[in-house]
Structures are given as C-alpha cells and as structure tokens.
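Q: predicted model and sequence follow; I will ask about them next.
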Amino acid sequence: MQMQGTLLWCMCALSWLSAPCWGGSCHEAKLCCPGRDSSCVVQNAPLNAVVEDLNDKPCYCDHACLKLGDCCTDFKDACGVVDCQVTAWGAWSSCDSSCGPGSMSRSRRVSRGPQHGGRRCPGLLQRRACQGGDCPLHTDTAAREIAMLLPASLSESRKVNQTEDIRNNLRLRNPEDPEMTPQKEYCVEFEILKASKACRKETSYKALQEGERVCVRCESEALRKSLDWRCQGHGVMSRSTRFSALSAPHCHGKWLRITPDDDDDYPMGGSNSTNSESCAVKSCSKNGPQFIFV
C-alpha cells in the first residue's frame with residue numbers, strides 16, 4: 001500500500017512540468033489565469049492516463065473556461081469572478097395609448113456589476129403590446145362601414161357613352177335629385193394599417209401597403225343620399241375602419257382616416273382649377289387620388 005502511494009507521488013512529480021497534480025480545485029492549485037491559457041489546468045489523473053471517472057477529467061482555471069464550460073468547481077470563488085446581479089422586474093407601466101394599439105414597459109436595475117470576467121448583465125427593459133380601451137364612442141355609421149374601392153384610373157369609364165336612356169340611371173344613384181351636384185365631391189386621405197398579401201399581387205392595388213398613405217376620391221356617382229350625401233366607408237378620425245377592393249375581393253385590410261371631416265367640404269379642382277381630376281384637399285393635391293369609392 002505504501003509502495004503504491006510512493007509510486008503515485010513519483011508519477012505526479014514527473015508530470016509537474018506539463019500539469020499540476022492536485023485535486024480539481026483552483027484554490028488548492030493556486031491557479032487563476034486571465035484570458036485563455038491551456039496550461040492553467042488542474043488534472044486529477046496522471047498525464048496520459050486513461051480517465052475512467054468523469055471526476056478525474058482535467059479542469060481549468062483560466063477565464064476562457066467560463067465560455068468553454070470546463071472550469072474547476074471553485075473557479076469563480078478562487079478567482080473572484082462575480083456574475084452580474086439584477087433586481088426583480090418592476091411593475092408594468094400603463095399603456096402609452098389611451099385608444100388603440102400601444103405599448104407598455106417594465107424595468108429592473110443592476111444591483112452588482114460583473115467582475116473579473118463574470119457573466120454580463122441581461123436586458124434591463126422589456127416591452128409588450130397593449131390596447132388602449134378609452135376610445136370615444138362613435139355613433140357615426142361610417143365607423144362600421146366597409147369602403148369598396150376601385151382604381152382612380154377607372155373613373156373615366158363612368159362617363160363613357162353617357163346617354164339619356166336607362167343606362168345613365170344605373171350609373172347615378174340619384175340622377176334627378178337637385179341636391180346631386182359635382183360640388184359635393186371630395187377626397188379623403190388614409191394611412192394603411194394592415195393589408196392582405198393579395199393587394200401586393202394586384203398591380204392596381206399595390207399602393208395599399210402597410211404604412212403607406214393613399215388618397216381616395218368620392219365622386220358624385222358614388223354619393224349616397226341616405227348617408228347625407230357622402231360615400232360609404234369614408235371613415236372617421238382616430239379609429240380604424242375597413243376597406244376592400246371591388247375588382248380583387250381577396251385584397252382587403254384596415255386603414256386610418258387622416259383627413260379631418262372639415263376637409264370634405266373642398267370640391268375637386270377648386271374654383272380656379274382647370275384640372276377636374278385633382279382634389280383641392282391639401283393632403284391629396286400632391287399626387288392626386290389613387291382610388292375612388294364605389
């Protein structure tokens with residue numbers, strides 16, 4: 001028995017130049033190396049010996065072992081490695097939108113920073129979506145209507161082959177009403193909140209993409225007397241409404257009206273305008289209407 005102990009001591013002494021022969025402890029081996037150092041190793045079994053017990057595998061006392069996962073069990077304590085410590089999450093803030101989609105957040109703080117290569121601090125701020133519910137109650141039926149759209153390029157087709165027969169009555173809902181006048185026509189600008197993928201596939205409706213702004217014209221042919229001489233689905237301020245493409249039924253989505261209601265009173269063209277295809281509404285006058293209400 002004494003002979004075996006002596007032999008083991010000799011083998012450890014012979015292997016000293018390549019690796020120390022203490023147990024898996026950085027403290028006992030008095031090792032603590034910055035960066036990556038393959039010689040900063042604690043080896044239980046003799047060099048080149050067959051390791052039968054996983055506890056006899058070599059472990060390291062260099063800071064790279066934190067990433068490689070082969071540190072000795074007491075490496076952090078022996079080398080003064082301190083991981084970042086943070087407080088518990090605080091309470092969630094209130095929604096930053098009183099009406100409609102918004103976000104809320106919560107935070108935490110660092111109670112002790114990392115030292116000597118310890119684990120870095122995690123994120124200190126979290127956000128999540130919320131929906132503000134304090135919305136004004138809209139009694140306007142426009143808030144529940146779906147706007148049916150056609151490309152503005154089809155506007156001219158309404159005026160082709162105008163006659164005095166019944167076909168003219170089909171184009172105009174109220175052809176004989178004295179209140180039916182082109183001066184009631186107006187334009188509305190919308191911001192697209194959501195649009196189906198089918199809109200991108202239709203050349204005439206590619207403008208209906210999330211985040212884009214579009215201008216829609218309400219022509220006299222689409223004015224409805226039952227709606228107090230306005231177009232169906234012309235939207236309301238501060239509330240999303242729906243739209244659908246008449247010639248591409250799979251193209252639909254939600255939008256938000258940008259033009260204030262007061263701007264509806266501006267007729268197409270204006271008193272001094274020579275271009276009857278333009279809208280006098282400031283938000284639509286730049287590029288002209290892209291769509292028309294049906």
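A: Arrived safely.
Q: the helix or strand hosting Glu191: partners in the sheet, and parallel or antiparallel?
A: Glu191 is part of strand 186-195 when elements are defined by DSSP states H and E. Looking at strand 186-195 with DSSP bridges, its partner strands are strand 213-218 (antiparallel), strand 248-257 (antiparallel).
Q: and Phe291, which of these is closest to it?
A: Between Phe291 and the strands paired with strand 186-195, the tightest spacing by Cβ to Cβ is seen for strand 213-218, at 4.6 Å. Every residue, glycine included, has its C-beta placed from N, CA and C.
Q: can you list contacts of the closest one?
A: By Cβ atoms under 8 Å, 6 or more residues apart in numbering, the surrounding residues in contact with strand 213-218 are 147, 149, 152, 155, 185-192, 207-208, 230-231, 234, 255, 258, 264, 268, 279, 281, 283-284, 287-293.
Q: inside helices: which ones of those residues?
A: Among those, DSSP state H puts none in helices.
Q: which of the residues you listed are buried? Put it as a PyMOL command.
A: Buried members of these, defined by 16 or more other Cβ atoms under 10 Å, are picked up in PyMOL with:
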select buried, resi 147+149+152+155+185+186+187+188+189+190+192+207+208+230+231+234+255+258+264+268+279+281+283+284+289+290+291+292+293
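Q: mark which of the contacts of strand 213-218 are part of strands, please.
A: Under the assignment DSSP state E, the contacts of strand 213-218 contribute 147, 149, 186-192, 255, 291-293 to strands.
Q: among the strands paired with strand 186-195, which is the most enclosed?
A: Most buried of those, by mean neighbour count (mean count of other Cβ atoms under 10 Å): strand 213-218, with a mean of 23.
Q: so what are the sheet partners of the helix or strand that it is followed by and their directions?
A: Counting by DSSP H and E, the next helix or strand C-terminal to strand 213-218 is strand 240-245. Here strand 240-245 is paired, per DSSP bridges, with strand 146-151 (parallel), strand 248-257 (antiparallel).
Q: of those, which is nearest Asp70?
A: Going by Cβ to Cβ, the one of the strands paired with strand 240-245 nearest Asp70 is strand 248-257, 54.9 Å.
Q: rebuild the strands paired with strand 186-195 as TSV, extending it with mean pLDDT and distance to Arg127.
A: Below are those laid out as TSV (pLDDT from 0 to 100; distance: least, Cβ to Cβ, whole Å):
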stretch	mean pLDDT	distance to Arg127
strand 213-218	91	26
strand 248-257	91	22
